[in-house]
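Colleague: give me a 3D structure for the following:
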Amino acid sequence: MSEKIGEYIRVNEAKLKELSLIERVVRVEEELKALREFVERRFEALQREMDRRFEALERRFQFFQ
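Modeller: Have a look, this model is predicted:
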């Protein structure tokens, strides 16, 4: 009987560790997705700012011509 209980505990501990790892992987994937979205938004904002500056310089050059 004690052998069966010991085996049951070992199997459940392994399943618990596996479940814990799966949960951690899911959290990491979610965080990576959020980070990727943040980087994309930041890049787009930077691109818009660079476009505005370029257009301002272009207007200056057109003004002097």
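
Colleague: mean confidence score for the helix or strand where Ala14 lies?
Modeller: Under the criterion of DSSP states H and E, Ala14 resides in helix 2-64. Averaged across helix 2-64, the pLDDT comes to 93.

Colleague: how far off centre is it?
Modeller: Centre-to-centre, helix 2-64 and its host chain are 0 Å apart (Cα atoms, centre = their mean, to the nearest Å).

Colleague: start at 216, not 1
Modeller: New numbering, starting at 216: the last item is helix 217-279.

Colleague: which helices and strands does that helix pack with?
Modeller: Counting by 3 or more Cβ pairs under 8 Å, 6 or more residues apart in numbering; DSSP states H and E, no packing neighbours are recorded for helix 217-279 among the helices and strands. C-betas here are computed from N, CA, C, even on glycine.

Colleague: for Arg257, see how far away Arg251 is.
Modeller: Between Arg251 and Arg257 the computed distance is 11 Å (Cβ to Cβ, to the nearest Å).

Colleague: sorry, slip of the keys, the one I care about is Val241.
Modeller: 25 Å.

Colleague: cool, Arg275 as well?
Modeller: From Arg275 to Arg257 the distance is 27 Å (Cβ to Cβ).

Colleague: do Met265 as well
Modeller: 13 Å.

Colleague: Arg225 now?
Modeller: Taken as Cβ to Cβ, the span from Arg225 to Arg257 is 48 Å.

Colleague: what is the burial count for Ile220?
Modeller: 9 (other Cβ atoms under 10 Å).

Colleague: measure it to Phe276 for me?
Modeller: Distance from Ile220 to Phe276, by Cβ to Cβ: 83 Å.
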